[in-house]
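> What would the 3D arrangement of this be:
(chains A and B)
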Amino acid sequence: MNNSVANTGRLAWAALRMLLVLTVVTGVLYPLAVTGIAQGLFNDKANGSIVKADGREVGSELIGQTWNIRGTENPDPKWFQPRPSNSGYDPLATGSSQLGASDAKLTKMVGDAKKQVASFNGVPESEVPKDAVTGSASAIDPHISPEYAEIQIKRVAKANGLSEQQVTKLVDDHTEGRTAGFLGEPHINVLRLNLALKDLAAH
Amino acid sequence: MSPVLADVLQVSALIVALALVHRPLGDYMAAVFSSGKHLRVEKWIYRAVGANPDTEMRWPAYLRGVLAFSAVSVLFLYLILRIQNGLPGSLGFAAITPDQAFNTAASFVSNTNWQSYSGESSMGHVAQTTGLAVQNFASAAVGIAVAVALVRGFARSRTGELGNFWADLVRGTVRILIPISVVAAVLLVAAGAVQNFAGIHELTTVTGQTQSISPGAVASQEAIKDLGTNGGGYFNANSSHPFENPNGFSNLLTIFLLLVIPFSLPRTFGRMVGSVRQGYAIVGAMATIWFVGVVLVTWLEFAHPGTASQLAGGAMEGKEQRFGEGASSLFAVSTTMTSTGSVNSFHDSFGGLSGGVLLLGMMLGEIAPGGVGSGLYGMLIMAVVAVFVAGLMVGRTPEYLGKKIGTREMKYAACYILVTPALVLIGTAVAMATGNGESSMTNTGAHGFSEVLYAYTSASNNNGSAFAGFGANTGFHNTALGLCMLLGRFLPMVFVLALAGSLAEQKPVPETAGTLRTEKPLFTGLLVGTIMIITGLTFFPALALGPLAEGLAA
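From the prediction side, this is the model:
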C-alpha cells in the first residue's frame, strides 16, 4: 500500500515537471518567438491593421464599424452601410444571432431588414442582396458584397453631391475579388471605401 | 466565375495539397516515433523531468503516464484560470468562476476546446498562452502518442511493450507540432492575423463610435488550435473573427492545418506495420466519409432551405462575406469531422439537414479523419469491428494485420464504441429531463432540441464546436459537459491501450488464402458500411427528433 502511494506520488511529480517544462517551451518560448518574427516582419498586421485618417486612428481594416448619424442608431445616408450586426459592431462582443435557418424570429428580422434596406436605398426588395439582410458570424464583418455596394451607389452619390459615375468607379476600385481567384467570395472593405468616399467628396 | 465553380476549385486545391503532403509527413512521423536517437533539446527535457526515454512501457504503465500527465494538466490549468486576475497581462479580467474553470480545464486537456467563456472578454495574455495554448500542444501530443502506442501493438509481437509515453509526448511536441505551428503562425500573420502582447486598444471611429480593439498572441494560438485539432478560438467568434482568419488564403490554410495530421497518420500507421497499402485502406474510408459530408453540406447550404434563408435569398446568416457559403461549408464539415470544433461560420444558423450532417459527422466518433491521434485509433477500432463482422459472415476466426481478434480484443473494442454514445444519449436525456436543456435553448422546437443534442455530442466526442445559441455557461452544463469531455476522452484511451497491449503480446498468425485482405478497396467499403450501420442504429432516434424533424418540415 505504502509502496503504491509512493509510486503514484513519484509519477505525479514526474508528470508535473513534464508539464512545467512543456509550459516553458510551448507557452512562453513559442509565443514569444512567433511574436518576435511577426513584429519584425509584419509589424502593421501583427498589431491589428490600424487605419489612420486625418492624422488620427479611425479603426482597423479588419474590424467593421457602424456608419450611423452621430449619436443615433439611424444609418447615415452619406455612407456606405455595412451588414446587420448582432452586437452593433462591438469587438468585445463577437458572435452571431445563433438563430436557425427556419426560425420565426430570424425570418421576421430578415423581412424587416429587407424592407428597411429597400426603402433606404430606393430600390425594390427583389434587388436587396443576401448579405444586406443577414448578420455575419463575427458581428464585426468588415466587408459587404459588390451587389450590396451597387444598390447603395445612387443614395450615396446624392447625399455627397457626387455623380453616380464617380461613386461607381470608387466601388469598382475597392472591389476585391476572391483570393487567388477562387478562394472565398468577392468583397468590399466598407471602411476603406468610405474613407475614399470622404476624400472624393472633400475635393 | 460562379460561386459553385470557385468552391469546386477550392475543394480540389485542398485535396491536392493534402495528397501531396500526407506521404512525406506520414513517413516523417513514422520515422520520429521509430527513431532510437534523441535530439539535444529532448535530452535536456528528459533530464529536467527525470524520465528515462528508453524504458519500454507495457500498457498499464503507458496508461498511468497518460492519466497522470492529464490529471496534473487539469489541476494546473484550473489553478491558472482561478488566479488569472492576479497574473501579469490579465487585461483587467476577473478570475474564472469555479464551475467554468473546471469546464474549461477539462475542455482543453481533453482536446475538446468547448468554450463556455468568451475569449475577448475573459481571458488575459497569460491564461491564453501558458494556460490554454500549452494544452493545445499537450493534448494533441497525447492523442498522437496513444495512436502510436496502438500502432505498435499491431506492429510488435510477443512483447506487450508499447514504447515510452514521455518520449512519445516530447517527440510529438518538439519534432511535429512546434515546427509546423511556427511556420503556420507566421503565414497567418502575413495574411493579417494579430500577434502582440499589447493592451486593449481604444479608438474612435469615423462616426464617433468608441471601439476597443482586442490584442493578443492570436496567430500563435490559431496555428496550434487547428494543427492540433483543438478548436478553442482566441475570440468568441473563433475563426470567423477577422483577426483570427482574415482572408480566403488564411481560411484555406486553417482548413488544411486541421486536416493534415489526421489524414497523414494512416500513412504513418502503414509504414509502422510494414505495409503502406494498409494505410491507404484506412485513409480511403476517412476520405470517403469526409468528402460525402462536404458535398452534402455544400449542396444544402447553396440550396439554402429554411424560411429565413429563402427570404434572404441565401444562407448567409452567421457567415462572413469574405468566405461565403462554399468556404463556410467546407470548414464546417472539416471541423466537425476532425474533432477540432473551430468555426468560421455559426452552425446554429445552418439549414436543418446540414446541421444534421454536421452532428452525424461528430457522432461517427470523430474518425473521418478525426482528431490528431484519436482519429486514427478510433478508425482502427472500427477496422477491428469490421474485421470481426466479416469473420462472422464466413465463420472464421477474424484476424487483422496478422493478429487474432479474439474475445478479449472484441471486448475492448466493444467497450470503446459504447462509451461516447452512452455519454451523448444519457447526457442529453438527463439535461432534457431535468429542464436544464430547455432553459438553455435560444431556438425553440426541434431546432432547440438539436442545440442540446449538439452540445452533448460535441463534448462527449471531444469536438468542441457548438450550436452556439445554447447557453452553456450554467453550473449544470459546465459540470455535466466537463464530465462528458473527460470521460469521452480518457475512458476510450483505457480500452485502446488495453487492446494495444493485448495485440502486442500475441504471436503473429501467418497469412493464408482465407485471410481477409484488409488492404483492398473492398475492405474500405466494408469499413465505411460498418461505421454507418453502428452509428446510424445508435443515433437515428435522436437525430429524428432534432435535425431530421426540422429539415423535413422546412
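> Let me see the contact set for the residue lying closest to residue A:18 once chain neighbours are set aside.
Once flanking residues are discounted, residue A:18 sits nearest to residue B:49: 4.8 Å by C-beta to C-beta, 6 or more residues apart in numbering or on different chains. Quick note: C-beta positions are derived from backbone N, CA and C, even for glycine. Taking C-beta atoms under 8 Å, 6 or more residues apart in numbering or on different chains, we find residue B:49 in contact with A:14, A:17, A:18, A:21, B:166.
> where's the third one relative to residue B:41, distance?
Going back to what we said before, that points to residue A:18. 14 Å (C-beta to C-beta, to the nearest Å).
> Over to residue B:212?
Relative to residue B:41, and taking C-beta to C-beta, residue B:212 is found at 39 Å.
> neighbour-wise, which of the two wins?
With neighbours defined as other C-beta atoms under 10 Å in any protein chain shown, residue B:212 and residue B:41 compare such that residue B:212 has more, 16 against 12.
> Test my guess that residue B:457 contacts residue B:421.
No: contact criterion C-beta atoms under 8 Å: residue B:457 and residue B:421 do not qualify, at 9.6 Å.
> what is in contact with those two at once?
With C-beta under 8 Å, 6+ apart as the test, residue B:457 and residue B:421 both reach residue B:363.
> Compare these two (neighbour count), which wins?
Higher neighbour count among residue B:457 and residue B:421: residue B:457, with 31 against 20, using other C-beta under 10 Å.
> Could I get the buried residue list for stretch B:530-544?
B:530, B:531, B:534, B:535, B:538, B:539, B:542, B:543 (16 or more other C-beta atoms under 10 Å in any protein chain shown).
> Next one: the third one relative to residue B:297, how far apart?
Read it as residue B:534. 22 Å.
> Now rank the contacts of residue B:49 by neighbours and give me the top one.
residue A:18 (26 neighbours).
> Could you list which residues are in contact with it?
Contact analysis of residue A:18 by C-beta under 8 Å, 6+ apart lists B:45, B:49, B:51, B:69, B:166, B:169, B:170.
> right, is the host helix or strand of the fourth one up against chain A?
According to DSSP states H and E, residue B:69 maps onto helix B:59-82. Yes: with C-beta under 8 Å from any C-beta of the partner chain as the measure, helix B:59-82 is seen reaching chain A through B:64, B:65, B:68, B:69, B:71, B:72, B:73, B:76.
> I'd like to check what contacts stretch A:44-57. Which residues are they?
A:35, A:38-39, A:58-63, A:191-192, A:195, A:198, B:189-196, B:198, B:201, B:203-204, B:206, B:213, B:215, B:219, B:243.
> let me redo that: stretch A:5-12
Stretch A:5-12 is contacted by residues B:64, B:65, B:68, B:71, B:72 when judged by C-beta under 8 Å, 6+ apart.
> Now do that stretch: distance to the chain's middle.
51 Å (C-alpha atoms, centre = their mean, to the nearest Å).
> Next, count neighbours for the closest residue in space to residue B:255 that isn't next to it in sequence.
Leaving aside its chain neighbours, residue B:255 sits nearest to residue B:334 (5.1 Å; criterion: C-beta to C-beta, 6+ apart). Using other C-beta under 10 Å, the number of residues around residue B:334 comes to 26.
> Could you do residue B:195 as well?
Neighbours around residue B:195, by other C-beta under 10 Å: 29.
> Domain boundaries for chain A, per the record?
Following automatic domain parsing, chain A resolves into domains at A:2-43, A:49-202.
> now, of those domains, which is deepest in the fold?
domain A:49-202 (a mean of 20; mean count of other C-beta atoms under 10 Å in any protein chain shown).
> Next, the distance between the ends of that one.
With C-alpha to C-alpha, to the nearest Å as the measure, domain A:49-202 spans 25 Å from end to end.
> who's in contact with residue 41?
Looking at chain A here, since you left the chain open. B:186, B:189, B:190.
> Switch to chain B, please.
Applying C-beta under 8 Å, 6+ apart, the residues near residue B:41 are residue B:174.
> Skipping adjacent residues, who's closest to residue B:119 in space?
residue B:235 is the one closest to residue B:119 (C-beta to C-beta, 6+ apart), at 4.8 Å.
> my bad, residue B:304
residue B:315 (3.9 Å).
> That neighbour: neighbouring residues, count only.
Neighbours around residue B:315, by other C-beta under 10 Å: 29.
> For my notes, confirm it occurs in a helix.
No: counting by DSSP: H, G, I helix; E, B strand; the rest coil, residue B:315 is not part of a helix but coil.
> I'd say it and residue A:100 touch.
No: applying C-beta under 8 Å as the test, residue B:315 and residue A:100 come out as separate, 11.1 Å apart.
> Which residues are in contact with the residue nearest the centre of chain A?
Chain A has residue A:141 as the residue nearest its centroid, 2.4 Å off, counting by C-alpha atoms, centre = their mean. Residues near residue A:141 by C-beta under 8 Å, 6+ apart: A:64, A:82, A:83, A:85, B:242, B:320, B:321, B:322.
> following the lowest-mean-pLDDT helix or strand in chain A, which helix or strand comes up?
Across the helices and strands of chain A, mean pLDDT, DSSP states H and E gives its lowest value to helix A:2-22, namely a mean of 91. Downstream of helix A:2-22, the first helix or strand assigned by DSSP H and E is helix A:30-41.
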